[in-house]
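Colleague: Have a look at this prediction, sequence included:
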Amino acid sequence: MTGDAGSRLASTLRLFLAGLLTVLLLFPIYWMAQTSILPTSSILSRNPDLVPRLADINLSAFETLVRQYPVARWLMNSATITVGSAVLSTVCATLAGYSLSRFKSRTASGIAFVLLLGRVLPGTLLVLPYFVLFRWAGILDTHTAVILANASMIIPFSTFMMKNYFDDVPRELDEAAKVDGCSAMTALWFVVLPIARPGIAATVAFAATASWVDLLFARTLLLSAENWTVPVGIASLIGEVQTSWNQLMAAGVLSVLPVFAVYWFAQPYLVGGMTSGAVKG
Amino acid sequence: MTRVAATAAPAGAVALMRPRRTRHGAPPREGYGFALALLAPSSALIGALLLAPLVLLLIISFKSVKLGNIALILRADFTWDNYIRVLSDPATWHSLSISGAYILGSSIMAFGLGLATALILNEKFPAQRLFRTLMLLPWAVPGITATIAFLWILQPSFGVFNFMLRTLGFAAQDINWFGDSRLALLAVIFPTVWKTYPFFTIMLLAALQTIPRELYEAASIDGANKWRQFQWITWPSLRRYAIVALVFNAMYVFREFDFIFASTKGGPQGATDTIAIRIYNLAFETFDMAAASALGVLTFVLVAICVFGFVRWQMKLEQR
């Protein structure tokens, strides 16, 4: 009996500890959000209120931001690049991951090695030759350039995510389908892929997040302001005299909302994929 | 059938047949073409976007031209000059030490936070899944957004962090976190740690969940306190995962660009000038693409050696 009460107390204590830690860790997000809904007059204070006064709250920072800068355009550009990169890298990673999981050969292990290499190369190192190559190919300053660059960073990682996922799908399933007269392609399409749907969802979520947050490639390969993505736009606001802190934080809030939405739904799949991609990779 | 053929046929024929038979022994041979076809899109992309750029980087690094189009670069003369310039520049070695300090500082703090969160999340308490989702949230925040949030929190006059320090009596005047060359590296480490600790949480939590609970029950019957349990049970099982996580995180932080570029651009006085930032600034701020390429190639060699050594070491561990 005392043990029961003791364990309840311990569990309450842990809940309290977890709550405290969460509050501390999420403080930057909270502070960004609360600054974005306050007027400039109340944020430029030497003694800021940790909890905003209800009377002060308004959305004027968002209004001014959207009026002064082409935020809608940035969001559209980011969306285009995100969808493009996610589709391209998921298709490539799924096919390659299945191949690496089912067929072992020298060519395959060679390709696997090059993919591993791709996971450790710094982006700042690759963006240099990209700049020269893409200018030569005539796609500098286009969304295609950023989509290709993003895919080259995502595919090496997500291929191993998909390979590990397919490793857990029993081989007997494809073989049974083949005995029933399916070709290798139809077996993959109608039998294996439907089972692998959670893995594909994780790969899409990972690819979409990685390209949504990209600053390096978009900032270097997109020269004209009308092609800018959200991160490039935000980077251009830093240090601008006419941009106040609450507008900057409003831009920050707009940039995290889509990823939080994706993350909220895909988190269970993502966590599994991230660990397996890192450990077994 | 095969046995009959082997005994009936003369020795020469068996020798001729052998390679074919081993090929048949390998997993479905008719699938080989299919396997390659599946790999084709990725291979084409990786070839065009990973291997070709690396070759181009190598070429540029040996050319006496600072920037220009491909034709101009290929026509330029061969030279060792870029490597000599980069290696004799003290700023290169300074950047290497900054990268080292940046990786070390952020890894230690991120590991600490990751371990703390993982240990809590491994216990049973109400609404545990919700807390896990919330604690991992910073992982999904764009680097640029994390940077502006910390720029604002650490702002000298109106930032909430300096306000707290003033209120608690830790600081008499305002601290200029990003502007002071002694503090700037620490300032960029803050957003880095905040964005990277969830990776440690995930990895260490996965490791913790492999430890059987009976071990702890047995230990507490034997009278081991919480700290002894951690020392004798938890840490030995965590260690290998911890090292893998630290290496992966080090590679991620080594290539980090967003936090530093958006806040200090490598300054003040080179205080945050990591190798990754230096390569970028050489190419796109001072337009010396050749020196940037030479430094890039050297970095690539360094990373390759580290990764190779790590993989060898891991394989040795697995054999043991």
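Modeller: Happy to help now that I have it.
Colleague: if I look at B:Ala245, how far off is chain A?
Modeller: Here B:Ala245 is placed at a distance of 7 Å from chain A (CB to the nearest CB, to the nearest Å). Backbone N, C-alpha and C define where each C-beta goes, glycine included.
Colleague: Give me the neighbour count for that residue.
Modeller: Counted by other CB atoms under 10 Å in any protein chain shown, the residues lying close to B:Ala245 total 26.
Colleague: quick one: contacts for A:Met249?
Modeller: By CB atoms under 8 Å, 6 or more residues apart in numbering or on different chains, the residues touching A:Met249 are A:32-33, A:35-36, A:61, B:148-149, B:152.
Colleague: Now with 6 Å, please.
Modeller: The neighbours of A:Met249, taking CB atoms under 6 Å, 6 or more residues apart in numbering or on different chains as the test, are A:32, A:35-36.
Colleague: Repeat that for B:Leu185.
Modeller: B:271-272.
Colleague: pLDDT wise, what is it at?
Modeller: Note on B:Leu185: pLDDT of 92.
Colleague: For the stretch 151-300 of chain B, give the residue positioned nearest to chain A.
Modeller: For the stretch 151-300 of chain B, the residue closest to chain A is B:Arg255, as judged by CB to the nearest CB, at 3.5 Å.
Colleague: Report the spatially nearest residue to that residue, omitting neighbours in sequence.
Modeller: Of all residues not flanking B:Arg255 in the chain, A:Pro122 sits nearest, at 3.5 Å (CB to CB, 6 or more residues apart in numbering or on different chains).
Colleague: and what of A:Trp264?
Modeller: Per CB to CB, 6+ apart, closest to A:Trp264 is B:Thr133, 7.1 Å.
Colleague: burial measure for the one you found, as a count.
Modeller: Using other CB under 10 Å: B:Thr133 sits among 15 other residues.
Colleague: repeat for A:Glu226
Modeller: By other CB under 10 Å, neighbour count at A:Glu226 equals 10.
Colleague: that older thread, dump the residue contacts of the residue of the stretch 151-300 of chain B closest to chain A.
Modeller: A:122-123, B:276.
Colleague: thought the residue nearest to B:Arg255 was touching B:Ala276?
Modeller: Yes. Assessed by CB atoms under 6 Å, A:Pro122 is found in contact with B:Ala276 at 5.1 Å.
Colleague: ok, those two, which is more surrounded?
Modeller: Comparing A:Pro122 with B:Ala276 by neighbour count (other CB under 10 Å), the higher total belongs to B:Ala276, at 26 against 23.
Colleague: which residues sit in contact with that one?
Modeller: Contacts for B:Ala276 (CB under 6 Å, 6+ apart) come out as A:122, A:124, B:255, B:257.
Colleague: quick one: least confident of these?
Modeller: A:Pro122 (78).
Colleague: Distance-wise, check that one relative to B:Ala146.
Modeller: A:Pro122 sits 19 Å away from B:Ala146, going by CB to CB, to the nearest Å.
Colleague: before we move on, what SS does A:Gly239 have?
Modeller: Three-state call for A:Gly239 (DSSP: H, G, I helix; E, B strand; the rest coil): coil.
Colleague: Check what pLDDT it gets.
Modeller: 77.
Colleague: and it, how many neighbours does it have?
Modeller: 11.
Colleague: hmm, back to that, pull out whichever of the contacts of A:Met249 are also neighbours of chain B.
Modeller: Restricting the contacts of A:Met249 to those within reach of chain B (CB under 6 Å from any CB of the partner chain) leaves A:Met32.
Colleague: of all the contacts of A:Met249, which comes closest to B:Ser157?
Modeller: A:Thr35 (14.6 Å; CB to CB).
Colleague: could you say which helix or strand contains the residue lying closest to A:Ala72 once chain neighbours are set aside?
Modeller: Distance criterion CB to CB, 6+ apart; nearest residue to A:Ala72, sequence neighbours excluded, is A:Val66 at 7.1 Å. Element membership for A:Val66, per DSSP states H and E: helix A:60-68.
Colleague: just checking, what packs against that helix?
Modeller: Contacts defined by 3 or more CB pairs under 6 Å, 6 or more residues apart in numbering or on different chains; DSSP states H and E place helix A:60-68 against helix A:245-279.
Colleague: Could you give the separation of the helix it packs on from the chain centroid?
Modeller: 6 Å (CA atoms, centre = their mean, to the nearest Å).
Colleague: Report the contact partners of the residue most central in space within chain A.
Modeller: Against the mean C-alpha coordinate of chain A, by CA atoms, centre = their mean, the closest residue is A:Thr209 at 1.3 Å. Contact analysis of A:Thr209 by CB under 6 Å, 6+ apart lists A:259, B:140.
Colleague: what pLDDT does it get?
Modeller: So A:Thr209 comes in at 89 (pLDDT).
Colleague: Double-check that it belongs to a helix.
Modeller: Yes. Assignment of A:Thr209 by three-state DSSP places it within a helix.
Colleague: And it, how far from B:Asp288?
Modeller: 34 Å.
Colleague: My understanding was that B:Trp194 contacts B:Pro138; is that so?
Modeller: Yes. Using CB under 6 Å, B:Trp194 is in contact with B:Pro138, at 5.3 Å.
Colleague: Counting neighbours, go ahead and name the busier of those two.
Modeller: Neighbours per residue (other CB under 10 Å) separate B:Trp194 from B:Pro138, with B:Trp194 holding more: 25 against 22.
Colleague: is it true that the more buried one lies in a strand?
Modeller: No. Using three-state DSSP, the assignment for B:Trp194 is helix, not a strand.
Colleague: Done for today, thanks.
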